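Colleague: 3D, please:
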Amino acid sequence: MRDARTDSQEPGVRDDAGVLEARLIDIGREQFAREVWGRTALLTRRAGDFSDLFSAAAVDDLVARRGLRTPFLRVAKDGSTIPDSSFTSSAGVGATIPDQLDDTALWRSFADGATLVLQALHRTWEPVADFSTRLSTELGHPVQANAYVTPPQNRGFDDHYDVHDVFVLQIAGTKRWIIHEPVHPDPLRDQPWTAHRAAVAEAAQGTARIDTVLEPGDALYLPRGWLHAAQAQHEVSIHLTLGIHSWTRHALAEQLAQAALALLADDPEMRTTLPLGFDGPGGELDAVRERLATAVAAADSTALFHRTRRGQGRPAPLGPLAQLAAVEGLRPDSPVRLREALAARMEGSRLTTRVGWLDFPETDRPAVVRLLDGEVHTAEDLGVELVARLLRAGVVVPAER
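Modeller: Okay, the predicted model is just below:
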């Protein structure tokens with residue numbers, strides 16, 4: 001485990017750094033990539049002030065005023081989750097859907113020692129959503145965000161591991177974290193800790209790799225598979241967990257296999273029926289293996305990879321009224337920019353994005369490529385008709401002058 005900052009060092013935010021360096025770690029990005037990423041835990045003391053991302057007031061607002069529904073919140077106590085029906089209800093006339101959060105029931109559970117888990121904050125709380133999008137773009141891996149609100153001297157979950165990397169940001173209060181090395185390194189999405197329950201329980205009884213108390217402003221990075229359990233200390237603890245759903249070589253192999261199978265679907269020999277009375281692979285397996293190896297060697301899974309990656313995130317929010325105003329008020333000097341987090345990519349004359357694809361004539365291609373630099377352009381610079389089309393498609397948005 002690495003401790004990125006000694007107590008004598010003062011936190012700082014470098015304007016030229018991405019959110020990883022500026023807010024989550026105090027070592028260089030290259031050092032983090034080389035020595036830490038996917039390899040070991042990293043504790044950064046006083047990484048920064050995270051109150052602009054989340055707070056106790058945000059918890060109360062989300063629970064009591066936003067009309068959240070499950071599964072945007074879970075409740076856990078004594079190592080297991082509480083049934084949703086114990087903290088949900090309808091909200092009266094005009095809002096009779098029964099899976100809305102019941103703030104009175106949640107208060108009673110919380111007062112009785114339960115942890116509130118606000119899930120998918122990258123969809124429900126704008127500061128966290130913006131931060132998660134920037135971090136995901138920077139890391140090249142999808143990011144989700146949950147908040148854990150734990151009463152004093154309580155813990156929400158027993159020792160376990162996650163199947164994704166995490167950054168833990170301590171928002172308020174303090175929490176003791178006990179961390180052990182993996183019993184199943186680098187678990188895949190379908191290899192949860194419950195499949196290794198006995199090994200996890202045994203390892204949790206051994207000497208911890210890390211035993212520390214996180215204070216507000218501290219940040220902790222854990223690769224997937226690292227065992228952990230956390231307990232609030234003498235006051236309510238709030239921490240934000242940024243889950244990094246890392247792409248793996250296994251995932252790339254799945255993409256390659258899908259691309260190879262698509263090629264084999266066009267092979268007449270592979271589509272033929274097996275012999276009558278077939279009772280086992282026999283020699284057929286050797287023939288299929290040979291053709292499959294040939295297809296894998298010929299397959300190009302790039303397009304499939306980018307399509308899958310686009311599907312794992314969402315573009316920046318788009319206000320329909322603001323967008324309509326931009327279309328109706330479009331002038332040659334109107335400033336526009338590419339919508340953020342669009343995962344836009346030119347493939348020949350086609351622009352593929354998270355909101356669909358558009359084909360362009362060769363004359364428009366240079367302007368579309370310029371747009372992909374993310375900078376602000378005028379409609380006249382790109383072409384007013386082209387910009388109007390992109391505005392209607394939700395690909396570009398009005399920009400600040």
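
Colleague: any chance you could map the strands in the stretch 51-200 of the chain?
Modeller: Remark: strands assigned in the stretch 51-200 of the chain by DSSP state E, counting those that start in this stretch are 73-77, 80-81, 88-89, 100-101, 115-118, 143-150, 165-172, 175-180.

Colleague: Mean pLDDT lowest where, among the ones you listed?
Modeller: Among the strands of the stretch 51-200 of the chain, strand 80-81 has the lowest mean pLDDT, at a mean of 88.

Colleague: any idea how far it is from the chain center?
Modeller: When distances are taken as CA atoms, centre = their mean, to the nearest Å, strand 80-81 is centred 23 Å away from the chain's centroid.

Colleague: Kindly report the same for stretch 315-328.
Modeller: 25 Å.

Colleague: thinking again about what came up before, adding distance to L20 and mean neighbour count, write the strands of the stretch 51-200 of the chain out as CSV.
Modeller: Quick note: C-beta positions are derived from backbone N, CA and C, even for glycine. Below are these laid out as CSV (distance: least, CB to CB, whole Å; neighbours: other CB atoms under 10 Å):
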stretch, distance to L20, mean neighbour count
strand 73-77, 28, 20
strand 80-81, 31, 12
strand 88-89, 37, 18
strand 100-101, 33, 22
strand 115-118, 23, 23
strand 143-150, 11, 23
strand 165-172, 9, 22
strand 175-180, 21, 20
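
Colleague: May I see the ones you listed arranged in a markdown table, with distance to V369 as well?
Modeller: Shown next, in a markdown table, are the strands of the stretch 51-200 of the chain (distance: least, CB to CB, whole Å):
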| stretch | distance to V369 |
| --- | --- |
| strand 73-77 | 44 |
| strand 80-81 | 49 |
| strand 88-89 | 49 |
| strand 100-101 | 46 |
| strand 115-118 | 40 |
| strand 143-150 | 27 |
| strand 165-172 | 33 |
| strand 175-180 | 46 |
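
Colleague: and R310, what are its phi and psi?
Modeller: phi -60, psi -40 (degrees, to the nearest 10).

Colleague: re the thing from before, so which of the strands of the stretch 51-200 of the chain gets nearest R291?
Modeller: R291 lies closest to strand 165-172 among those, at 37.6 Å (CB to CB).

Colleague: And the contacts of the closest one?
Modeller: 24, 38, 47, 50-51, 53-56, 147, 177, 214-224, 235-244, 246 (CB atoms under 8 Å, 6 or more residues apart in numbering).

Colleague: repeat for stretch 320-329
Modeller: Contacts for stretch 320-329 (CB under 8 Å, 6+ apart): 334, 336, 388, 391-392, 394, 397-398.

Colleague: Is the nearest residue to L116 once chain neighbours are set aside bridged to anything, and to what?
Modeller: Spatial nearest neighbour of L116, chain neighbours left out: V149 (4.3 Å); criterion: CB to CB, 6 or more residues apart in numbering. V149 has these beta-bridge partners by DSSP bridges: L116, I238.

Colleague: Wait, V149 touches V236, no?
Modeller: Yes. Using CB atoms under 8 Å, V149 is in contact with V236, at 6.8 Å.

Colleague: Please enumerate the shared neighbours of these two.
Modeller: Joint contacts of V149 and V236 (CB under 8 Å, 6+ apart) do not exist.
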